[in-house]
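Chemist: Predicted structure and sequence below. I'll ask about it afterward.
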Amino acid sequence: MDTRKDENELHLLGGSTEYKQDYAPEVLEAFTNKHPDNDYWVRFNCPEFTSLCPITGQPDFATIHIDYIPDVKMVESKSLKLYLFSFRSHGAFHEDCVNIIMKDLIRLMDPKYIEVTGIFTPRGGISIYPYCNYGRPGTKYEALAEKRLFSHNP
């Protein structure tokens, strides 16, 4: 029996869906990780991410990869979908989008480790693949973050 609803942690599952029309970090929800003593990866692939260029207003399209090692809290996938959808009318550069996503998820979950990659489709003949990561300071995850950052090759 799933007790997460009983714990009042999740509010979006099973209800009607409201799509926010601009950046909405408040829609993110977390639930309790049942295995915080295990180190394991969680990956989300979001192939339909869109945002707007803050200068021209033209749409930008990307696949966003979110990889993290959870601690006590984990992001609920429907809330993540609605959160990512909220960028659809939001003006931000590619690099800004991935950093905003990562920082919002850190505030929500306080993961041991997280990385976010944006694989943006070409516009004007140039593709941009921004990558950012974070490892909890003073832990082996901080060292992991440094290693993965400096050896990163999309």
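Modeler: Yep, it's here. Here the structure is a predicted model, which means the values were calculated and not measured. Numbering: from 1, shown residues only.

Chemist: roughly how far apart are residue 90 and residue 60?
Modeler: Residue 90 sits 10 Å away from residue 60, taking C-beta to C-beta, to the nearest Å as the criterion. All C-beta spots, glycine's among them, are computed from the backbone N, C-alpha and C.

Chemist: So the most centrally placed residue in the chain, which state does it fall into?
Modeler: Most central residue of the chain, judged by C-alpha distance to the mean C-alpha position with C-alpha atoms, centre = their mean, is residue 101 at 4.6 Å. Reducing the assignment at residue 101 to three states with DSSP: H, G, I helix; E, B strand; the rest coil gives helix.

Chemist: Report pLDDT for it.
Modeler: Reading off the confidence values, residue 101 has pLDDT 98.

Chemist: Excluding chain neighbours, what is closest to it?
Modeler: What sits nearest to residue 101 in space, not counting adjacent residues and going by C-beta to C-beta, 6 or more residues apart in numbering, is residue 116, at 5.1 Å.

Chemist: What is the burial count for the one you found?
Modeler: The criterion is other C-beta atoms under 10 Å. On that basis, residue 116 has 24 neighbouring residues.

Chemist: Kindly point out the strands partnered with the stretch of helix or strand it belongs to and how each is oriented relative to it.
Modeler: Assignment of secondary structure by DSSP states H and E places residue 116 within strand 113-120. Strands adjacent to strand 113-120 in the sheet, as given by DSSP bridges, are strand 59-69 (antiparallel), strand 131-135 (antiparallel).

Chemist: mind listing the helices for the protein?
Modeler: Applying DSSP state H to the chain gives helices spanning 77-85, 94-109, 140-150.

Chemist: so what does the first one touch, helix or strand wise?
Modeler: Think helix 77-85. Counting contacts by 3 or more C-beta pairs under 8 Å, 6 or more residues apart in numbering; DSSP states H and E, the secondary-structure elements packed against helix 77-85 are strand 42-52.

Chemist: The strand it packs on versus strand 113-120: what angle between them?
Modeler: Between the axis of strand 42-52 and that of strand 113-120 there is an angle of 40 degrees, by axes from the mean of the first three to the mean of the last three C-alpha atoms, to 10 degrees.

Chemist: tell me the mean pLDDT over strand 42-52?
Modeler: Regarding strand 42-52, the rounded mean pLDDT is 96.

Chemist: Give me the residues contacting that strand.
Modeler: Strand 42-52 is touched from outside by 58-70, 74, 77, 80-81, 84, 87-92, 94, 97, 118, with contacts defined as C-beta atoms under 8 Å, 6 or more residues apart in numbering.
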